[in-house]
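Chemist: I'd like to go over a predicted model; first the sequence, then the structure.
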Amino acid sequence: MSQFLQVLLSGLATGSIYALVAIGFTLVWQAAQTVNFAQGEFVMVPAFFVLVGMHVLGFPLALAVGFALLASIVVLGFVFKKLIVEPILPSGGISLIIATMALGILLRESVKEFYGAEAQPFPPLFPTDPIHVFGAVVSMQDLLNLVISLGVVILLTLFLNRTRTGRSMQAAAQNPAVAEILGVDVKRMIMYAFLINAALAALASFLITPVYLAKFSNGETLGLVAFIAAIVGGFNQIRGALVGGLLIGVLDNFVATYITAEYRAALPLILLIVIILLRPQGIMGTSEGRAV
Amino acid sequence: MLELQDIHGGYGKMTILNGVSFKIPKGTITTVIGPNGAGKSTAFKAIFGLLNISKGQILLDGKDVTRQSPRQMIYHGVTYVPQGRNVVPQLSVYHNLELGGVTAKDQTKIRDRIEVVMDQFPMLREFRNRKAIELSGGQQKQLEVARSLLLDPKLILIDEPSIGLSPKLVQEVFGTLQRLRDQGVTILMVEQNAKSALAMSDYGLVLELGQTRMHDEATKLLADPRVGQLFLGGHIEDANSN
């Protein structure tokens, strides 16, 4: 029983980080009707911003994290939206998808070029001491990762549903033409979605890199798993992305512990195929399309 | 109140409006009629800042509002209800109404206005927590009209309010517009259902090929054989020559 709980909590912790990245996919989809295939790299890069803050600028860890968060919001949010999304989007979603693939490669190769191909140690943000929860031994880091990720998702949901700006973002996503005639600043709402996506990616990066270490190729797996999580949960729903992320994290842990670790990389893909065959709109998704 | 002077404009390089001119007085209902492609909806978009205007001027209470953005037009007291369904589908009826006042600086006043508007449309109060997409077509149109009232506008542009509605609901919507007119709101409406729209309007306006062909009191237009001719597929000039 204690092992079961241990595996469950650890899976939820990893899954909640996947969920943060998957929510970013849905936000960008809502805002620009496109898929950001550089999303994995958006999670990889902020960790290197932290390392630059610490090793190049000489900041202590907390300040380096603050610097990296800000840099991520500016570069992966504002600059990405202005320099890539805005000029290319009028040419169509497919063009933008290809552009994000190219951006992913550029980010990956740039980090490899400037920081090296070797995995870099990344300081944990929280103590890694084990603690006991109902007989299960769980690392404090896993537990805090879970609490912080779920807390951020709850805050984001409250922001979108309970504030005027959040509802304006929903209006801009669900019916931009109507939002415009009502006086909603649609461009600004779309920008907010990109900034939030960058912040979520940065947070995911800070939480997961202490486990994976900072490496230029981290985004490949993370991006793929989060993309699948978003589809499995329902691409047009934030709660869908949350469910998809948690499900993949938990299933991955259970399969690896109780069945075999050999095919764990294939598990998200199998889940994806099953969901597409049985419920193409995803577990929580709606077939009518756009909703934040 | 509202004056269009020789408005030319269109989408990209395609010109749709080729000299639309008219004046509408305050506290009246004016119905714009004309065959398909005459530029009726396009004229509304031009007024509301959703279209490139290449020539001409739009005056609102004597002030030049040509090429102002939709947001600026809202600040000037103009709201626009386009044709078709225009709700935010996954938001509740209440939050759709609230969006009608999104540009207001004082949001506490908007909450009060929502209560006033829901008094005018009791159905909306009943369904206030329902998602807008769950309302019927007629209810959605009522929601859109109600939403356009949130900022207490002085001019409402409403495009084809009767589309998709039962005759009973059309009469309800027309009744609402007449009530608003009686409260001093100016209404400019595009309507395919020309006869019943002119019957409840003060003035009528005929557009054809992006130009103003006729502009008169609604009762006179209703009695004018050229209007009937126009809607039977002819042109104003043909009718004149008969």
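Modeler: Sure thing, it's come through.
Chemist: so B:M118 makes contact with B:L124?
Modeler: Yes - using CB atoms under 8 Å, B:M118 makes contact with B:L124 at a distance of 5.0 Å. Bear in mind the C-beta positions are built from the backbone N, C-alpha and C, glycine included.
Chemist: overlap of the contact sets of the two?
Modeler: Residues touching both B:M118 and B:L124 by CB atoms under 8 Å, 6 or more residues apart in numbering or on different chains: B:L97, B:A146.
Chemist: give me the neighbour count for residue 106.
Modeler: By default, I'm working from chain A. A:L106: 12 surrounding residues under other CB atoms under 10 Å in any protein chain shown.
Chemist: meant chain B, my bad for not saying
Modeler: A count of nearby residues for B:D106, using other CB under 10 Å, gives 9.
Chemist: where does it land on pLDDT?
Modeler: You'll see B:D106 listed with a pLDDT of 85.
Chemist: which stretches of the chain have low pLDDT?
Modeler: Just so you know, I chose chain A. With pLDDT under 70 as the threshold, chain A has low-confidence stretches at A:1, A:288-292.
Chemist: wait, chain B
Modeler: Across chain B, the ranges flagged by pLDDT under 70 are B:230-242.
Chemist: around chain A, which positions in it sit nearby?
Modeler: B:48, B:50, B:70-71, B:74, B:80, B:82, B:86-91, B:95, B:98-100, B:102-103, B:107, B:133, B:147 (CB under 8 Å from any CB of the partner chain).
Chemist: endpoint to endpoint, stretch B:60-69 covers what distance?
Modeler: The first and last residues of stretch B:60-69 sit 14 Å apart, counting by CA to CA, to the nearest Å.
Chemist: before we move on, back to that, B:M118 and B:L124: who's more crowded?
Modeler: Set B:M118 next to B:L124 and count neighbours by other CB under 10 Å: B:L124 wins out with 23 against 18.
Chemist: can I assume that one sits in a helix?
Modeler: Yes - under DSSP: H, G, I helix; E, B strand; the rest coil, B:L124 sits within a helix.
Chemist: tell me where the chain has helices.
Modeler: In the absence of a named chain, this looks at chain A. For chain A, the helices defined by DSSP state H cover A:2-32, A:39-51, A:61-72, A:86-88, A:93-115, A:140-162, A:164-174, A:176-181, A:186-212, A:218-233, A:238-254, A:267-278.
Chemist: that was the other one, I meant chain B.
Modeler: Per DSSP H, chain B carries helices over the ranges B:40-47, B:70-75, B:93-99, B:107-120, B:122-126, B:137-148, B:167-182, B:194-199, B:218-223, B:225-231, B:236-241.
Chemist: out of the helices of chain A, which one sits most buried?
Modeler: Greatest average neighbour count among those goes to helix A:39-51 (a mean of 27), per mean count of other CB atoms under 10 Å in any protein chain shown.
Chemist: and that helix with helix A:93-115, angle?
Modeler: Helix A:39-51 runs at 30 degrees relative to helix A:93-115, counting by axes from the mean of the first three to the mean of the last three CA atoms, to 10 degrees.
Chemist: got the angle between helix A:39-51 and helix A:61-72?
Modeler: Angle of helix A:39-51 versus helix A:61-72, following the same axes, to 10 degrees, is 140 degrees.
Chemist: what's helix A:39-51 packed up against?
Modeler: On a contact count with 3 or more CB pairs under 8 Å, 6 or more residues apart in numbering or on different chains; DSSP states H and E, helix A:39-51 meets helix A:2-32, helix A:61-72, helix A:93-115, helix A:186-212, helix A:218-233.
Chemist: please produce TSV containing the ones you listed, extended by distance to A:V274.
Modeler: Listed next are the helices and strands packed on helix A:39-51 as TSV, based on distance: least, CB to CB, whole Å:
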stretch	distance to A:V274
helix A:2-32	17
helix A:61-72	34
helix A:93-115	25
helix A:186-212	25
helix A:218-233	9
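Chemist: CSV for these, including distance to chain B?
Modeler: Compiled in CSV, the helices and strands packed on helix A:39-51 are given as follows (distance: least, CB to the nearest CB, whole Å):
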stretch, distance to chain B
helix A:2-32, 11
helix A:61-72, 29
helix A:93-115, 20
helix A:186-212, 10
helix A:218-233, 17
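Chemist: nearest to B:V20, out of these?
Modeler: Among these, the nearest to B:V20 by CB to CB is helix A:186-212 (27.2 Å).
Chemist: give the other helices and strands that that closest one contacts.
Modeler: Counting contacts by 3+ CB pairs under 8 Å, 6+ apart, helix A:186-212 is packed against helix A:2-32, helix A:39-51, helix A:61-72, helix A:140-162, helix A:164-174, helix A:176-181, helix A:218-233.
Chemist: what does the fifth one contact?
Modeler: It refers to helix A:164-174. With contacts defined as CB under 8 Å, 6+ apart, helix A:164-174 is touched by A:30-31, A:158-161, A:178-179, A:182, A:184-186, A:189-190, A:192-193, A:290-292, B:88-91, B:95, B:98-99, B:102, B:107.
Chemist: same check on the shortest one?
Modeler: Taking contacts as CB under 8 Å, 6+ apart, the residues outside helix A:176-181 that touch it are A:168, A:171-172, A:186, A:189, B:48, B:50, B:70, B:80, B:82, B:86-88, B:99.
Chemist: measure B:T186 to chain A for me?
Modeler: According to CB to the nearest CB, to the nearest Å, B:T186 and chain A sit 18 Å apart.
Chemist: contacts only, for the residue lying closest to that residue once chain neighbours are set aside.
Modeler: If the residues on either side of it in the chain are set aside, B:T186 comes closest to B:L155, at 4.7 Å by CB to CB, 6 or more residues apart in numbering or on different chains. By CB under 8 Å, 6+ apart, the residues touching B:L155 are B:M1, B:L2, B:L60, B:G77, B:V78, B:T79, B:V185, B:T186, B:I187, B:L188.
Chemist: for the first one, the count of nearby residues, please.
Modeler: The local packing of B:M1 (other CB under 10 Å) involves 17 other residues.
Chemist: that one contacts B:I24, correct?
Modeler: Yes - taking contacts as CB under 8 Å, B:M1 lies within contact range of B:I24: 5.7 Å.
Chemist: mutual contacts of those two, please.
Modeler: Joint contacts of B:M1 and B:I24 (CB under 8 Å, 6+ apart) are B:T186.
Chemist: ok, back up a step: nearest to A:F80, of the helices of chain A?
Modeler: That would be, of the helices of chain A and by CB to CB, helix A:186-212, which comes in at 6.5 Å.
Chemist: what's the angle from that closest one to helix A:218-233?
Modeler: Between the axes of helix A:186-212 and helix A:218-233, defined by the same axes, to 10 degrees, the angle is 120 degrees.
Chemist: nearest to chain B: which residue in the stretch 101-250 of chain A?
Modeler: When scored by CB to the nearest CB, the stretch 101-250 of chain A has A:G183 as its residue closest to chain B, at 3.8 Å.
Chemist: give me the neighbour count for that residue.
Modeler: By the criterion of other CB under 10 Å, A:G183 has 23 neighbours.
Chemist: OK, contacts around it?
Modeler: Each residue near A:G183 by CB under 8 Å, 6+ apart is listed here: B:P70, B:R71, B:I74, B:V102, B:T103.
Chemist: nearest to A:N145, of these?
Modeler: Distances from A:N145 to those, taken as CB to CB, are shortest for B:V102 (36.7 Å).
Chemist: thought that closest one was touching A:R188?
Modeler: No - between B:V102 and A:R188 there is no contact under CB under 8 Å: 11.8 Å.
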